Each structure stands twice: as C-alpha cells, then as structure tokens.
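Trainee: Everything below, folded, please.
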Amino acid sequence: MDDLLWYLEITLDYIKQMLPCMAIAAGCFLALLHHRRRGLYRRGLQSGVVREIGLLAFVLFCAGLAALTVFPSNFWTVSHWQEAFQGLRPFFPITPLSESVQYIGWTPTLFRGDRLGAWGFYMVLANALIFVPIGFFANLLWRKPRWWKGLVVGFCVSLTIEFLQLFVNRSTDVDDLILNTTGAFLGGLIALLLGKLAPKLTRKFQVEVRHGRETGDPKPAPGAGAGQL
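Mentor: Purely as a prediction, here's the structure:
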C-alpha cells in the first residue's frame, strides 16, 4: 500500500509540473481562437463546440507533455525556480551535444530481467500511456482516420522529443521511442474503434462545411472538409 501511495504521489507531482505549460497553452489557444475560426469561415468551414473542446484538450496535453520532456528535469517545480533566482543553479541548463551523445541508449533493454522491477514497470507503463492521447487525437481531429496514423505521428513526436532531450540533460534511448510509439499506436486504434461504435459523435470532432457551401445543400454537412485547423 505504501508503494502504491508513493507512485501516486510521483504521478501527482508530474501532473503539477504540467500545469504551468498547460496554462500558457490555454491562454494562447484562447487568444488565437477568433482569428483561427475566422480563417475557417473564409474558407466556408466551421468548427463546432465539441471539436473546439477536443482541440483544446489536445493542445493542453501537448503542452503538458512538453513540460515533462523537453525542459530540464524538475524545471517546473517551485524549488528549481527558487534556487535559480538565488543563483544556486542555472535557470535553463544546456548540455553540450558532444557530451550527451555519449550516453544515448542505442540498445533496447525492455525485456531484460533487471529492467522490469517495480520502478521499471512504472516507467514502462508511463512512457506508453502518456503517448496514447497523441495517437488518439491524431485520428480524432484530422482528416481520414487510418490505423497507421497514430504510429507515424507517435514515432515522429517521440523522435523529436528524444533529440531535444540531448540538450537538456535528460536520458535519450531507444526504449522510450519504442514505448512512446506503441502508446500512440494504441491511441490511434482506440480512436478508430470509437469511430466505428459512435460515428455521429466522432464526426463532431472534425470541421464541417458551413451550410453546404460546396455541395449546394442548405443543411450543414457534418465532417465534410475535416482536417483543416
């Protein structure tokens, strides 16, 4: 029970570190909302409330993910900022590429016995689950959902993050790339399954042709033109 509470505490700490970036992202999203929706209007498109909520959720998640991955470890904690302002540590430490490349984990260790302890299992699960929304929203919000879309998007996002981590003194290894991509792939499949089970719901997460402008139909055409932001 104590171990479970400890892992829960760690998870809550990660969530708290995500909040500052998420707040900044929410402000940017709201500031650009009118301009973006006017751009859609000029193209004869509209984005409904449901889609805007889904898009906001995706933006907030991406910002939170960035807070945990492309910033130095514990950057968004109160202690880091206090020590940085007191001159006890660099505000944003940068690691030379020539140094960080020496510690890249090129060999997968996921199936080694010494890797899968309690902490190792937690990290494996966390690295996979945290990328599920990437694949999920990639199929939910954009045109033509496909089984491979979560896989490709997850791989590209994870590869970008692993590269950026070389400069912020964080670990870069193949294991994270595999787990992140797997999580995104599963998220994409979940979105496809949801589309099969509730097609009317998932269509609400895509942009619509405004009053059938491109079809001559006086009624809105849900889902038509989906994919433009």
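
Trainee: Geometric centre of the protein: which residue is closest?
Mentor: Cys62 (3.7 Å; CA atoms, centre = their mean).

Trainee: That one and Glu9, how far apart?
Mentor: Separation of Cys62 from Glu9 (CB to CB, to the nearest Å) stands at 25 Å. Every residue, glycine included, has its C-beta placed from N, CA and C.

Trainee: what does Thr182 give?
Mentor: Using CB to CB, Thr182 is found at 26 Å from Glu9.

Trainee: For the two, indicate the residue with more neighbours.
Mentor: Using other CB atoms under 10 Å as the criterion, Thr182 and Glu9 rank with Thr182 on top: 21 against 10.

Trainee: helices or strands next to the helix or strand hosting the more buried one in the packing?
Mentor: Using DSSP states H and E, the element containing Thr182 is helix 174-197. If contacts are counted by 3 or more CB pairs under 8 Å, 6 or more residues apart in numbering; DSSP states H and E, helix 174-197 sits against helix 118-129, helix 132-141, helix 149-164, helix 199-203.

Trainee: what distance separates the last one from the middle of the whole chain?
Mentor: Right, the one you point to is helix 199-203. 22 Å (CA atoms, centre = their mean, to the nearest Å).

Trainee: Let me know the next secondary structure element after it.
Mentor: By DSSP H and E, the next helix or strand past helix 199-203 is strand 208-209.

Trainee: pLDDT below threshold where in this protein?
Mentor: By pLDDT under 70, the weakly predicted segments of the chain are 111-116, 211-229.

Trainee: by contact count, what packs against the lengthiest helix in it?
Mentor: Across the chain, the longest stretch assigned as helix under DSSP state H is helix 2-42. In terms of contacts (3+ CB pairs under 8 Å, 6+ apart), helix 2-42 is packed against helix 49-69, helix 118-129.
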